[in-house]
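**Q** got a sequence here, can you model it:
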Amino acid sequence: MTAPTLPAGADARRGPLRAGDRIQLTDAKGRHHTIVLEAGKTFHTHRGQFEHDEIIGRPEGVVVTNTAGYDYLVLRPLLSDFVMSMPRGAAVIYPKDSGQIIQMADIYPGATVVEAGVGSGALTMSLLRAVGDHGRLISVERREDFADIARANVESHFHGPHPAWRLEIGDFADRVRELEPGTVDRVVLDMLAPWENLEAAADALAPGGVFLAYVATATQLSRVAEELRSHGGYTEPQAWESMVRTWHLEGLAVRPDHRMIGHTGFLITSRRLAPGQTAPIRTRRPSKGAYPTDADWTPEDLGERSVSDKKVRRVRRDAERTRDVEMGVGLDTGEDIDNGGGADTDTGAEDGGR
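**A** Down below sits the predicted model:
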């Protein structure tokens, strides 16, 4: 009997630690460093150093002591850890929102999903895990440099190309119209003006399919909701946001942390109606003065921070080098890879970006 084939990337997440594995080092104060193991290399900070070879071949959960006597807990990073430490040019959708998207958009194994606004690939990895090797994820990104960063990050996480993934460069409406109408199960949009693509999404979605948009501001949220209602081919939209408050656990001092993740973005969903059907008329509507205008919007209007071309080039170079090391291509530069920049970081805090 033939042994079942493991899902993409599964074999890299169990067993002894190997050269090419990405690991997370946690010190006694909870600060994290993320590195990629390479034979013969050294991890060092101003608090001392240790050789990668001291970890390679050992199981997860070991503690390694550096030359200055500082201990580090060694574990493979979870997907949420990976997202927070990976190279990124564009802002990312954070784990708290990715989990909501997977659940509330009902992303299931074998589904056909189209996402647009790939950025650095954070949501892409969660979607690929959900659709599985036998599903299909088509990701559309307008910027080729962002797409290169996303491809490098995704291939780093799965230790190679994912069989269910297709990354397209271009406009969402153009790419989705190349698909057979009514064959897409889910559409997920993370872009400035998702309402501009409602018609293209409606053509692609199967009856009952889910449309989901991730937006940063209440003005965007209102515009998407009104356009969904005006379109006539979607059900009444639902919208929400999620807030995360961690807790301080120290002896009897058990209380909420002083910091919390107050807002990252809004999620809004709707279902595709069957052809020729009309959504029930909503009985309650706001006053006429509450309707959106047709004015053009810019990223600056919504408070988005631009990303310099220099930073994007650097991040793309770092992401591709990390991917090559993890896939065994090997670049002998003599440098250690620490995506935390070699400085103490606390990747458990989400900094309010997208």
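**Q** contacting residues for H248?
**A** Shown in contact with H248 (Cβ atoms under 8 Å, 6 or more residues apart in numbering): 254-257. (Glycine included, C-beta is placed from N, CA and C.)
**Q** so it sits in a strand?
**A** Yes - counting by DSSP: H, G, I helix; E, B strand; the rest coil, H248 is part of a strand.
**Q** quick one: pLDDT of it?
**A** At H248, the predicted lDDT confidence score is 92.
**Q** list the beta-bridge partners for it.
**A** Note on H248: beta-bridge partners by DSSP bridges are R255.
**Q** that one and T112, how far apart?
**A** According to Cβ to Cβ, to the nearest Å, H248 and T112 sit 44 Å apart.
**Q** W240 too?
**A** From W240 to T112 the distance is 25 Å (Cβ to Cβ).
**Q** name the residue in these two with the higher neighbour count.
**A** T112 (20 against 11; other Cβ atoms under 10 Å).
**Q** mind listing what that one touches?
**A** T112 sits next to 131, 135-136, 138, 183-186 when contact means Cβ under 8 Å, 6+ apart.
**Q** what's the ChimeraX line that selects buried ones from those?
**A** In ChimeraX syntax, the buried subset of the contacts of T112 is picked out as below (16 or more other Cβ atoms under 10 Å):
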select :131,135,136,138,184,185,186
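**Q** which of the contacts of T112 fall in strands?
**A** Applying DSSP state E to those, the entries found in strands are 136, 138, 184-186.
**Q** in the stretch 251-354 of the chain, which spans are helices?
**A** Listed in chain order, the helices of the stretch 251-354 of the chain (DSSP state H, counting those that start in this stretch) span 309-326.
**Q** output the below-cut-off pLDDT ranges for it.
**A** 281-304, 330-354 (pLDDT under 70).
**Q** so what pLDDT did the residue nearest to D21 when sequence neighbours are not counted get?
**A** In this structure, D21 finds its nearest non-sequential neighbour in L37, 5.1 Å apart by Cβ to Cβ, 6 or more residues apart in numbering. pLDDT recorded at L37 is 94.
**Q** is it true that L37 touches P16?
**A** No - with contact defined as Cβ atoms under 8 Å, L37 and P16 do not form a contacting pair (10.9 Å).
**Q** who's more crowded, the two?
**A** The neighbour count for L37 versus P16, taken as other Cβ under 10 Å, is higher for L37 (22 against 11).
**Q** distance of the more buried one from S270?
**A** 45 Å.
**Q** ok, now P87?
**A** To S270, P87 is 34 Å away according to Cβ to Cβ.
**Q** kindly report the same for R143.
**A** Taking Cβ to Cβ, one finds R143 at 27 Å from S270.
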